[in-house]
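K.L.:
all I have is the shape, not the residue letters:
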Ligand SMILES: [Zn+2]
């Protein structure tokens, strides 16, 4: 996309610093994306690689739109500290742990820089431009490699006392499971309701389903989904388990937070037609009845751009408040 922004219109340089891809965009105050680019996230032991990649991505647009860029807003796959200045931990980008990314980038960019957790930014993006438009109490749940979560209360992002609110993926849904999660706990929601979990549960159950078409395939979440659409019993049972565990996790959330809407995002949401019924049944049975009947559970609408949009929105809000 390369629509010309209007004269005098402010823009935010938003970056989605993922474990695999670095995606960047210029976003205006109406939520319109003017430029967008994607590259592989540079790997290395030093955070300099990441800083250089962000700086060169921004440099590309500086000559054309530099005067209109009012801030940079960077989403990271991890926890940022209370001042949103230092990446406390980022399991998929370990070089950034403890790194003062905000200060270093502000020196390079000459724009104010915001850092935000990726799942938090995605929740804001869906409230601004997606499925949760017009809502004030929103939970977003991202079903990808892991399970991420973002919580918005009365229109404000809820980061928690230590910056780790919304870690829905690490809420326990099965205390008897021996499956060790990367967080160190066992029985976490993301061990059952992520794309990774779909593949693992399929592999575990293969011996019990001699006729499954999945014996002949290299397993990916997408292939398991395709098999399920074709009526494969193994795939259907995996998505059923996925839905039951997700429903338990959502019921817990509903009982604690009582949101207007839960937005479900991430790659594994593609399996919605195979897991939604079981998910909704668990919610109906386990959440407080009056809430369960009213809370909306909806598929996200912004796709991969939710985080970029949310990061931009947070920067515009910050600029307006200064
Ligand atoms: Zn965990």
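P.N.:
Yep, it's here. Remember, predicted model here, so these are calculated numbers, not experimental data.
K.L.:
helix, strand or coil for the residue of the stretch 201-322 of the chain found nearest the ion?
P.N.:
With distances taken as C-beta to the ion, the stretch 201-322 of the chain approaches the ion most closely at residue 249, which sits 11.8 Å away. Glycine gets a C-beta too; all of them are placed from N, C-alpha and C. For residue 249, the assignment made with DSSP: H, G, I helix; E, B strand; the rest coil gives helix.
K.L.:
what's the nearest residue to it if we skip its chain neighbours?
P.N.:
residue 189 (4.3 Å; C-beta to C-beta, 6 or more residues apart in numbering).
K.L.:
just to revisit the earlier point, quick one: contacts for the residue of the stretch 201-322 of the chain closest to the ion?
P.N.:
Contact criterion C-beta atoms under 8 Å, 6 or more residues apart in numbering gives 141, 147, 168, 171, 173, 189, 193 as the residues in contact with residue 249.
K.L.:
circling back to that earlier point, what's the pLDDT at the residue nearest to residue 249?
P.N.:
The confidence metric pLDDT takes the value 97 at residue 189.
K.L.:
hang on, isn't it packed against residue 177?
P.N.:
No. The pair residue 189 and residue 177 fails to qualify as a contact (C-beta atoms under 8 Å) at a distance of 10.8 Å.
K.L.:
quick check: the residue nearest to the spatial centre of the chain vs the ion, distance?
P.N.:
Nearest to the geometric centre of the chain sits residue 119, at 3.7 Å (C-alpha atoms, centre = their mean). Residue 119 sits 14 Å away from the ion when distances are taken as C-beta to the ion, to the nearest Å.
K.L.:
wait, is that residue part of a strand?
P.N.:
No. Residue 119 is assigned helix when assessed by three-state DSSP, not a strand.
K.L.:
the chain should start at 8 in everything you say after this.
P.N.:
Taking 8 as the first residue, the last one we looked at is residue 126.
K.L.:
neighbours of the residue lying closest to it once chain neighbours are set aside, how many?
P.N.:
Once its chain neighbours are removed from consideration, residue 126 has its nearest residue in residue 155; the separation is 3.3 Å (C-beta to C-beta, 6+ apart). Here the number of neighbours of residue 155 (other C-beta atoms under 10 Å) works out to 26.
K.L.:
in the sheet, who's paired with residue 155?
P.N.:
residue 149 (DSSP bridges).
K.L.:
from what I can see the residue nearest to the centre of the chain touches residue 156, true?
P.N.:
Yes. The pair residue 126 and residue 156 qualifies as a contact (C-beta under 8 Å) at a distance of 5.6 Å.
K.L.:
what do these two both touch?
P.N.:
Residues touching both residue 126 and residue 156 (C-beta under 8 Å, 6+ apart): 147, 149, 173.
K.L.:
mind pulling up the pLDDT for the second one?
P.N.:
Just to be clear, that refers to residue 149. The model's pLDDT for residue 149 equals 94.
K.L.:
any idea how many residues pack against it?
P.N.:
Residue 149 sits with 28 neighbouring residues when counted by other C-beta under 10 Å.
K.L.:
wait, isn't it in contact with residue 124?
P.N.:
No. In this structure, residue 149 sits apart from residue 124 without contact. The criterion is C-beta under 8 Å, and the distance is 11.2 Å.
K.L.:
what are the ranges of the helices in the stretch 58-207 of the chain?
P.N.:
Using DSSP state H, counting those that start in this stretch, the helices of the stretch 58-207 of the chain run over residues 108-116, 125-136, 202-212.
K.L.:
OK, contacts around residue 276?
P.N.:
By C-beta under 8 Å, 6+ apart, the neighbours of residue 276 are 150, 306, 307.
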